[in-house]
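> pasting the structure only:
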């Protein structure tokens, strides 16, 4: 596969995180309809069927080494399985906007891990972009989020502060998993194509989720699930397992992991917007300012260095 141009790689990274943010928010109504581990199993199962054709080794691609197999398993465990479980449980105990707030820490986590494990040199401009993303988080943290209007029929325990703290801890764990996913993915793109990486890590995710998922499926009343929820599940599975992963790996094959990590700030932006537009959650002025900082971080990370130098000289 011919690597994409840099602007196209940036577009792939941005669209990938918009999709992730959308399904993070939409996982909330799905978590009310399905047990979390059953939902994860169904997601991976649908993805496995959709990507059967992507499992075949393309001509010219090297055989998988033991190290590559280990990294694929770790990639699937952290970025697919644990991220999915932590994220769904975390959103079910808090709100989509809270998920957006906490997951905005991912750019800084990716930069730190890429420096530690990939030995990437992180430019001052990238650090400034990361600082803008972190500033958005700080603004969000000053504002107490409310549970979604969808939680009116949820258990009262979910309004307990202890459960909300547990939800936030799980979302933080999901953020760390997502950061590790980006760093490991950058290493894998050196030898494997985006499609094959997507299919292989999804297959590992399906294997990890099968014991609990199959057991829960035996006791679950699938007939009670409405048609719109099934359609939402189909979108969630394809977006989470197929489209977003392929887009992210395509962009990551060209862009350094630390710079690509800045694009993860679009995850909380899209998650919170879906929470407001589709799930009845509320957004106030401080959140809009936080989003402006988040978008500024992406612009700063993607502007050509020559343009920045020219603007600086013209001042």
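That came in fine, so what should we check first? Since the model is a prediction, treat every value here as computed from it, not as a measurement. Numbering: from 1, shown residues only.
> so who does residue 81 touch?
40, 204, 205, 208, 209 (Cβ atoms under 8 Å, 6 or more residues apart in numbering). Bear in mind the C-beta positions are built from the backbone N, C-alpha and C, glycine included.
> show me these that map onto helices.
Among those, the residues falling in helices (DSSP state H) are 40, 204, 205, 208, 209.
> of the residues you listed, grab the buried ones for PyMOL.
Buried residues within these, by 16 or more other Cβ atoms under 10 Å, are selected in PyMOL with:
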select buried, resi 40+204+205+208+209
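> need the ones in helices among the contacts of residue 81 in a markdown table (columns: pLDDT and distance to residue 54).
Listed next are those as a markdown table, based on pLDDT from 0 to 100; distance: Cβ to Cβ, whole Å:
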| residue | pLDDT | distance to residue 54 |
| --- | --- | --- |
| 40 | 89 | 20 |
| 204 | 92 | 14 |
| 205 | 90 | 14 |
| 208 | 91 | 19 |
| 209 | 91 | 19 |
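> find the pair from the ones in helices among the contacts of residue 81 with maximum spatial separation.
40 and 204 (12.6 Å; Cβ to Cβ).
> what about the helices in the stretch 1-150 of the chain?
With helices called from DSSP state H, counting those that start in this stretch, the stretch 1-150 of the chain shows them at 6-33, 36-50, 66-75, 83-93, 96-103, 106-117, 124-141.
> elements contacting the third one?
Under the contact criterion of 3 or more Cβ pairs under 8 Å, 6 or more residues apart in numbering; DSSP states H and E, helix 66-75 touches helix 161-188, helix 194-219.
> got it, and the first one?
Applying 3+ Cβ pairs under 8 Å, 6+ apart, one finds that helix 6-33 contacts helix 36-50, helix 83-93, helix 96-103, helix 227-238, helix 244-252, helix 266-277.
> just say which of these is most tucked in.
Stretch with highest mean neighbour count among the helices and strands packed on helix 6-33: helix 96-103 (a mean of 28; mean count of other Cβ atoms under 10 Å).
> any idea of the mean pLDDT in that helix?
Averaging pLDDT along helix 96-103 yields 68.
> redo the helices of the stretch 1-150 of the chain as CSV? Include distance to residue 275.
Below are those laid out as CSV (distance: least, Cβ to Cβ, whole Å):
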stretch, distance to residue 275
helix 6-33, 5
helix 36-50, 18
helix 66-75, 28
helix 83-93, 9
helix 96-103, 3
helix 106-117, 17
helix 124-141, 13
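> who wins for proximity to residue 214 among these?
helix 36-50 (7.0 Å).
> for that closest one, packing partners?
Using 3+ Cβ pairs under 8 Å, 6+ apart: helix 36-50 touches helix 6-33, helix 83-93, helix 194-219, helix 227-238.
> could I get those helices as a markdown table with distance to residue 122?
Below are those laid out as a markdown table (distance: least, Cβ to Cβ, whole Å):
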| stretch | distance to residue 122 |
| --- | --- |
| helix 6-33 | 17 |
| helix 83-93 | 23 |
| helix 194-219 | 24 |
| helix 227-238 | 33 |
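> tell me which of the ones you listed lies nearest to residue 176.
Among these, helix 83-93 sits nearest to residue 176 (Cβ to Cβ), with 9.0 Å.
> show me what the closest one is in contact with.
Contacts of helix 83-93 (Cβ under 8 Å, 6+ apart): 24-25, 27-28, 30-32, 36-37, 39-40, 43, 98-99, 102, 158, 163-164, 166-171, 173-174, 177-178, 181, 205, 240.
> and residue 50, how far from residue 227?
As for residue 50, its distance to residue 227 is 20 Å (criterion: Cβ to Cβ, to the nearest Å).
> in the chain, which residue is most central in space?
residue 20 (4.7 Å; Cα atoms, centre = their mean).
> which ones are touching it?
Taking Cβ under 8 Å, 6+ apart, one finds 239, 240, 244, 267, 270 in contact with residue 20.
> which of the contacts of helix 83-93 count as buried?
24-25, 27-28, 30-31, 36-37, 39-40, 43, 98-99, 102, 163-164, 167-168, 170-171, 173-174, 177-178, 181, 205, 240.
> okay, now the unreliable bits of this protein?
In the predicted model, the chain carries pLDDT under 70 at residues 1, 96-97, 99-101, 104, 137-162, 279, 281, 283-284, 301-315.
> any chance of the helices and strands packed on helix 6-33 in TSV, with distance to residue 61 too?
Shown next, in TSV, are these (distance: least, Cβ to Cβ, whole Å):
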stretch	distance to residue 61
helix 36-50	20
helix 83-93	26
helix 96-103	33
helix 227-238	24
helix 244-252	14
helix 266-277	30
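> coming back round to it: would you format the ones in helices among the contacts of residue 81 as a markdown table with distance to residue 114 included?
Shown next, in a markdown table, are these (distance: Cβ to Cβ, whole Å):
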| residue | distance to residue 114 |
| --- | --- |
| 40 | 27 |
| 204 | 23 |
| 205 | 23 |
| 208 | 25 |
| 209 | 28 |
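> ok, the ones in helices among the contacts of residue 81 vs residue 7, which is closest?
Using Cβ to Cβ, residue 205 comes nearest to residue 7 of those, at 30.9 Å.
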